[in-house]
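A.B. asks: predicted model and sequence follow; I will ask about them next.
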Amino acid sequence: MPETGRSWRERPLARLTLVRYLEFVREPEAMFWVFVFPVLLTAGLGIAFRSKPQDQIKLGVLETPRAEALTASLAQDPRVLVQRLDDSAGARALRTGKIALLVVTSGDGVVYRFDETRPDARMARQVTDDILQRKAGRADPVAVREEQVRERGSRYIDFLVPGLLGMNLMGTGIWGVGFAIVDQRRKKLLKRLISTPMSRGQYLLSFMLSRLIWLVLEVAALVGFGLLVFGVPLRGSVPTLLLVCLLSAFAFSGLGLMIAARPRTIEAASGLMNLAMMPMWVFSGVFFNSGNFPDVMQPFIQALPLTAVVDALRATMLEGASLVTLAPELAVVGLWMVASFAIALKIFRWQ
C-alpha cells in the first residue's frame, strides 16, 4: 500500500537515495574519477591532437654532387624540412623514423627511398615529387623511380613496445608496492613490526629489492613477445636494457613507497596512485610522440620519470644507444629514485 502522511524525506527509498548520494559526495576518490579524470584526460589528448598547421615533413637528401641544388629546390617549400645526410646517416635516420623519405639523385632523375607501410612516408613521397615536378615545369620531365625500404624500427609497433614496457614497469612498481604496504597497514600488521629490530629503511628497501625477482621475467616476456611475434628490434645490448629497466623499476617502486607512506585505506591509496600516474599516461609518449604537445609544456613533460624511461628504452631498443648516450635520461630516472625513497623514508608511518 502506498505510504501516506510522510514527507518525501521520511520515505525509505528517499532516505536510502540520499544516503547513497552523501556517500558519493564525501568520497574524494569517487569525485575525482567521475568528474576530474575525464576532463583532464580530454584536455591532455585535446592539446596533443589540437587543430594546428600541418607539421613539416622531414626529408633527407643523400650527399651527392647534385645534392646542394636538390636541397635548395626542396627547402623553398614550407611543407618540408630538409637535411643533407651521408649514406650511413641517411639509412639510420630512415630506419629509426627520424626522416620519412630519403631522396637520392640518380642520373637525370631522383630515387625515393621510403617504407610504403608508413602513411607519413607515402605522404612525403607525394609532396616531394610534387615539389620537384613543379620546379621542372609540371610536365613531369623528371624521371622518377622508387626503392621500397622496410626497416625494423620505423613501424608503429616498434614505437609502441618500448612505451608499453615503460608503462608496465611504472604500473607494477607503483601499484604492486603501494597496495602491499597500505593493505598491511589497514590490517594492523604494520603495528606488530614496530617492536622488531627491523628499521624503517630496511622495511621499505625490501620492497624495492623484491622487484628484482620479477623484473627479468617481466622484461623478457614483453620484449621477447615483441621480438618473436612482431620482429621488434633489440639493437642495444641486453645489459644496457636490463640496467635501464632496473633503474626504472627502482624509481617507480620509490614512488609507490612515497605514495603509500601515509594512507590508511585502499581507496585513498588508489586515488593517489592514479593521480600520480595519470599525467604520465597522457604526456609521456607511450602511445604517441610527446613532441605533439606545445613547446611550453616540454620542460614539464621531460621531467616526468616515465618520459625519461620510455625515451631510454626506445633509444636502446631501436637505435642501439650506449650508456653514455642515455646519461640524461638515466640521470632523471636516478633523481626520481633517490628523491622518492628519501621522502618515503621521512614521512612513512606504521599506523
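C.D. replies: Thanks, I have it.

A.B. asks: quick check: phi and psi at Arg113.
C.D. replies: Per-residue torsions, Arg113: phi -110, psi 120 (degrees, to the nearest 10).

A.B. asks: just say helix, strand or coil for the closest residue to it other than its chain neighbours.
C.D. replies: Closest residue in space to Arg113, ignoring its immediate chain neighbours: Leu102 at 4.2 Å, by Cβ to Cβ, 6 or more residues apart in numbering. All C-beta spots, glycine's among them, are computed from the backbone N, C-alpha and C. Following DSSP: H, G, I helix; E, B strand; the rest coil, Leu102 is assigned to strand.

A.B. asks: how close does the residue most central in space within the chain get to Asn274?
C.D. replies: Residue closest to the average C-alpha location in the chain (Cα atoms, centre = their mean): Val286, at 2.6 Å. Val286 is 15 Å from Asn274, where distance means Cβ to Cβ, to the nearest Å.

A.B. asks: ok, Met297 - how many residues close by?
C.D. replies: Met297: 14 surrounding residues under other Cβ atoms under 10 Å.

A.B. asks: next one: the one 5 residues further on
C.D. replies: In terms of burial, Gln302 registers 16 neighbours under the definition other Cβ under 10 Å.

A.B. asks: now swap in Asp183 and tell me
C.D. replies: Neighbour tally, Asp183, other Cβ under 10 Å: 15.

A.B. asks: what strand or helix carries Gly60?
C.D. replies: For Gly60, the host element (DSSP states H and E) is strand 57-62.

A.B. asks: what mean pLDDT does that strand have?
C.D. replies: For strand 57-62, mean pLDDT is 89.

A.B. asks: quick one: strands adjacent to that strand?
C.D. replies: strand 80-85 (parallel), strand 101-106 (parallel) (DSSP bridges).

A.B. asks: may I see the buried residues of the last one?
C.D. replies: Of the residues in strand 101-106, Leu101, Leu102, Val103, Val104, Thr105 count as buried by neighbour count, 16 or more other Cβ atoms under 10 Å.

A.B. asks: make JSON lines out of these and add distance to Leu326.
C.D. replies: Formatted as JSON lines, those follow (distance: Cβ to Cβ, whole Å):
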{"residue": "Leu101", "distance to Leu326": "28"}
{"residue": "Leu102", "distance to Leu326": "26"}
{"residue": "Val103", "distance to Leu326": "31"}
{"residue": "Val104", "distance to Leu326": "32"}
{"residue": "Thr105", "distance to Leu326": "36"}
